Every structure is written in structure tokens, then in C-alpha cells.
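Asker: with the sequence up front, the predicted model follows.
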Amino acid sequence: MTDKLAEICATKRVEVAARKPQGLARWPAPTPVRGFEAALRAKAADGFALIAEIKKASPSKGLIRADFDPPAHARAYQAGGAACLSVLTDAPYFQGHEDYLIAARTACDLPVIRKDFMVDPWQCAEARAMGADAILIIVAALEDAAMVEIETAAREQGLDVLVEVHDEAEMERALGHLRSKLVGVNNRNLKTFEVDLATTERLAAMVPADVLLVCESGIGSHADCERMAASGVRTFLVGESLMRQPDVEAATRALLLG
Ligand SMILES: O=P(O)(O)OC[C@@H](O)[C@@H](O)c1c[nH]c2ccccc12
């Protein structure tokens, strides 16, 4: 595991230990789950499918958007043609918040993934309680047994699971141990924070036909999507490049349609 990721996960364990005793009663009764993977597959069958990310800040870039407004961004992403939303709920490193997820999901009809560092199966129950439709498993952050346990907990909650990898060894672990058919390749190297779209191109060849591959991070234009499509990739997770645009709806449409 990279040092930064280890640090983030250690922080997360402390946070989860403090939260668990409060239980789940603080969350409103969740509305029925929205099919996250199904929404992606439906859009990818006939064009590009986008998971549009609501991202205020990142460890590498600091503040990304000053007029951060989760419900407005959610509506803009939906109107622009996104299939799903991703909302950062990690506070210490990404300035995210659970309230952003709740506000964004309430403002639109799209399925939402809780973007956070899952280190404990309990976070899956918490994710559903706050309304999430899917969670992320970062293979680099977890031992095999732990990631299987978290995936099982997610499925019990009716959540879809996006499995994130960034090299060949992680792809093998994901395909060998997990049941989810939704696998994301993160083009961002967590050691250097450099982004290289060739990461997705390299790993795409390893993916069986029944797995939906998601290209994550560093997508800035429709041309980038077209480049990935040459490797058979039609599904994208995009945050920063959209969040930096004054007109998020128009930027989303332009990313998808050119
Ligand atoms: O903002 P970008 O470069 O479009 O990237 C979005 C998303 O891939 C990135 O935020 C991300 C991918 N995996 C993560 C894990 C945790 C936090 C954030 C991420």
C-alpha cells in the first residue's frame, strides 16, 4: 500500500471507531435503492456512460470549486446526461461530507456512489442509511479477506460495488476474489498523483466480457473518451474537469457528445 493511502485509511479507522457507537439512527429513513450498475449498463449500451463526481477539493489540488453547491451540481449533471453521481464523503482529505451526498441525491433521480475509503463492513450499512446506492472498494487499501468482507456487507445492503484497481496485480485480485462486475481503473498513481490514461488502456485487455470497466480520473474532454473507446471503454468517472467549469450542465453534455 502506498504511504498516503495507508495514512488516509488509518485516519478513517479512527473516524469509524468514533462513529460506530452513535449507530445509524442519525440518518433519515433511506429511500429505496437506485440501481447504480444497471444505470451505467443502460447508458453504455448506446453511447458513453458517465459517473459524474461532486468533488469540492482533493489532496493534490486543494480547493477545486469555491461556489460548491451539491444539489445544483447534481441537477446539472443529470440534465447534462450523466448516468450516475459520485459524491465524496471523506472530510479530512477531500473536504467531503455525508450531507453533500444526501443533498445531491435528493435533488435528482440518479443513483449515487458514496466515494470514501471503506475500511470496515459497518460503513456499508452507514452508506445505505445515508441513501447511497453503491460503494467503492479500493483494492490497494485492503487485504483480500477484508475486501471480500466489505463486498459481502455491501451486497447484503443491496448496494452495488465499484472495485478500484490501478495495476495488473490489483486487477487479478479484484477478478479473483470479488463478485462485482463493475471494475474501475484509476489512472491516478496514488504515490505520485500523476495521471496517465495509458493505465486504463493497459489494463482493459485483462477484463472479461461480462465486466463493465470504468475509466477513472484525468478525463478532461470528449477526445479523451474517444481515445478510451478505442480500447473498448465506454464508462467514465469524471470529477475535477467538470467541477472546474462554470456551466456544469453544458460541460457534461460536451464531454459525452463532443
Ligand atoms: O477528478 P478526476 O481526475 O476526474 O477523478 C475523479 C475520480 O476518479 C477520483 O476522484 C477518485 C478515484 N478514486 C478515488 C478514491 C478516493 C477518492 C477519489 C478518487
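Answerer: Looks like it came in fine. Residues are numbered from 1 along each chain as shown.

Asker: what's across from the residue nearest to His73 when sequence neighbours are not counted in the sheet?
Answerer: Excluding its sequence neighbours, the residue lying closest to His73 (C-beta to C-beta, 6 or more residues apart in numbering) is Ile54, at 5.2 Å. Every C-beta, even on glycine, is put in place using the N, C-alpha and C of the backbone. Taking DSSP bridges as the rule, Ile54 bridges to Val87.

Asker: Ile54 and His97 touch, don't they?
Answerer: No. Contact criterion C-beta atoms under 8 Å: Ile54 and His97 do not qualify, at 10.4 Å.

Asker: show me which residues of the stretch 151-258 of the chain sit near the ligand.
Answerer: The stretch 151-258 of the chain has residues 164, 186, 216-219, 237-241 near the ligand, with proximity defined as C-beta under 6 Å from any ligand atom.

Asker: what about Ile54 and His97, which has more around it?
Answerer: It is Ile54, of Ile54 and His97, that has more neighbours when counted by other C-beta atoms under 10 Å, with 28 against 16.

Asker: who are the contact partners of the more buried one?
Answerer: With contacts defined as C-beta atoms under 8 Å, 6 or more residues apart in numbering, Ile54 is in contact with 70, 73-74, 77, 85-88, 100, 104, 239, 243.

Asker: so which of those residues belong to helices?
Answerer: 70, 73-74, 77, 100, 104, 243 (DSSP state H).

Asker: now the residues you listed in a markdown table, with pLDDT?
Answerer: Formatted as a markdown table, the entries for the ones in helices among the contacts of Ile54 read as follows, by pLDDT from 0 to 100:
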| residue | pLDDT |
| --- | --- |
| Pro70 | 98 |
| His73 | 98 |
| Ala74 | 98 |
| Tyr77 | 99 |
| Tyr100 | 98 |
| Ala104 | 98 |
| Met243 | 98 |
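
Asker: tell me where the stretch 101-250 of the chain has helices.
Answerer: According to DSSP state H, counting those that start in this stretch, the stretch 101-250 of the chain carries its helices in the segments 122-129, 144-156, 168-177, 198-204, 222-229, 240-243, 248-257.

Asker: burial measure for Ser217, as a count.
Answerer: For Ser217, the tally of surrounding residues (other C-beta under 10 Å) stands at 25.

Asker: how much space between it and Gln95?
Answerer: Look at Ser217 and Gln95: by C-beta to C-beta, to the nearest Å, they are 18 Å apart.

Asker: ok, Leu212 next?
Answerer: For Leu212 relative to Gln95 (C-beta to C-beta), the value is 29 Å.

Asker: repeat that for Leu136.
Answerer: Per C-beta to C-beta, Leu136 is found 17 Å from Gln95.

Asker: straight-line length of stretch 125-143, end to end?
Answerer: Distances were taken as C-alpha to C-alpha, to the nearest Å; on that basis the terminal residues of stretch 125-143 are 20 Å apart.

Asker: then stretch 158-176?
Answerer: Stretch 158-176 has an end-to-end distance of 22 Å (criterion: C-alpha to C-alpha).

Asker: residues in contact with Phe193?
Answerer: Phe193 is in contact with 59-60, counting by C-beta under 8 Å, 6+ apart.

Asker: and Gly62, by the same measure?
Answerer: Contacts of Gly62 were listed using C-beta under 8 Å, 6+ apart, and none were found.

Asker: equivalent analysis for Val161, please.
Answerer: So, once contact is read as C-beta under 8 Å, 6+ apart, Val161 ends up touching 134-137, 151, 154-155, 178, 180, 182.

Asker: again, but for Gly239
Answerer: 52-55, 64, 86, 217 are the contacts of Gly239 under C-beta under 8 Å, 6+ apart.

Asker: I am finished for the moment; much appreciated.
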